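Enquirer: Make a model of this:
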Amino acid sequence: MIVRVGQERTPIVVIDDFYPDPERLFQYGAQLDRYASRSDDSYPGCHAKSVEAYQRFLTLVAHGEIADVFSSTQAAVVSTTSRFSRVTTPESQLSVLQSLPHVDALIDTQVAVVHYLCKTEHGGTGFYRHQETGFERLNSTRLPQYQRSLKRAVMQGRIAGGRYLRGSGQGFEQIHAIEAVWNRAIFYPSNLLHSGQIDPERDIAKSSEVGRLTLTSQINFDASN
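Expert: Next up, the predicted model:
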């Protein structure tokens, strides 16, 4: 299924029953000793390396329907990266940037993937428009104006840290949301503003829990074509 969101009509691909053996992925991702946090990563949790079979599968998918939607020139897939992700940061410990929608890149040739290895009681993914600038996607041209707007909002006390964004708020309008469904994968441009719809009561994993488990990936297309 393809949905187009916002004023820019950005495509999002939703594929249910995505992976042939999701239970095996879940069992691998549920081994908590595989995870580590990184100080240079703004993700509010921890990650573990994906498995090679998943990387190969994702590359095959990227060359098919995903290239048809996101690459107008049928550019070759240059690389794919994936990792298991668990939300572990308490809401009160979030920075300002962790409390806002974000982008994963500033280019049009990268596609982000969220593969849910959890069920609908966990939070899905929301997509956003920044109200002051009207931006739904960011690039190197738009970034300075966007950053100036955020800085003003912080100085004026209009946005703050310490909360997971669910729905609209903090100067952002939610333009679409997709539920977390077991073995559902969603594909969207990495420069589209988005945020996990994190429920602190259900989604934050304790030390002995898996919590909201996802596989997050990036697909990079050849920008030279």
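Enquirer: in which helix or strand would I find Arg158?
Expert: For Arg158, there is no helix or strand it lies in under DSSP states H and E.
Enquirer: Leu58 now?
Expert: Leu58 is part of helix 52-61 when elements are defined by DSSP H and E.
Enquirer: just how off-centre is that helix within its chain?
Expert: 18 Å (C-alpha atoms, centre = their mean, to the nearest Å).
Enquirer: Same check on stretch 209-225?
Expert: 8 Å.
Enquirer: Show me what counts as buried in the strand of greatest length in the chain.
Expert: Determined from DSSP state E, the single longest strand within the chain is strand 77-87. Residues of strand 77-87 classed as buried: Val77, Thr80, Ser82, Arg83, Phe84, Ser85, Arg86, Val87 (neighbour count, 16 or more other C-beta atoms under 10 Å). Any C-beta I mention is one placed from the backbone N, CA and C, and that applies to glycine too.
Enquirer: now the last one, nearest residue through space, not along the chain?
Expert: Same thing as Val87. Leaving aside its sequence neighbours, Val87 sits nearest to Gly45 (C-beta to C-beta, 6 or more residues apart in numbering; 4.3 Å).
Enquirer: Same question for the first one.
Expert: Counting by C-beta to C-beta, 6+ apart, Ala62 is the residue found nearest to Val77 once chain neighbours are left out, at 4.7 Å.
Enquirer: burial of the one you found, as a residue count?
Expert: Residue neighbour count, defined by other C-beta atoms under 10 Å, stands at 24 for Ala62.
Enquirer: So what touches the helix ranked longest in the chain?
Expert: Ordering each helix of the chain by length in residues (DSSP state H) puts helix 143-155 first. Contact with helix 143-155 is made by Val96, Leu100, Leu106, His130, Glu132, Thr133, Phe135, Leu138, Ile159, Ala160, Gly171, as judged by C-beta atoms under 8 Å, 6 or more residues apart in numbering.
Enquirer: who does the residue most central in space within the chain bridge with?
Expert: With distances taken as C-alpha atoms, centre = their mean, Val114 lies nearest the centre of the chain, 5.8 Å away. On the basis of DSSP bridges, Val114 is bridged to Ile186, Thr216.
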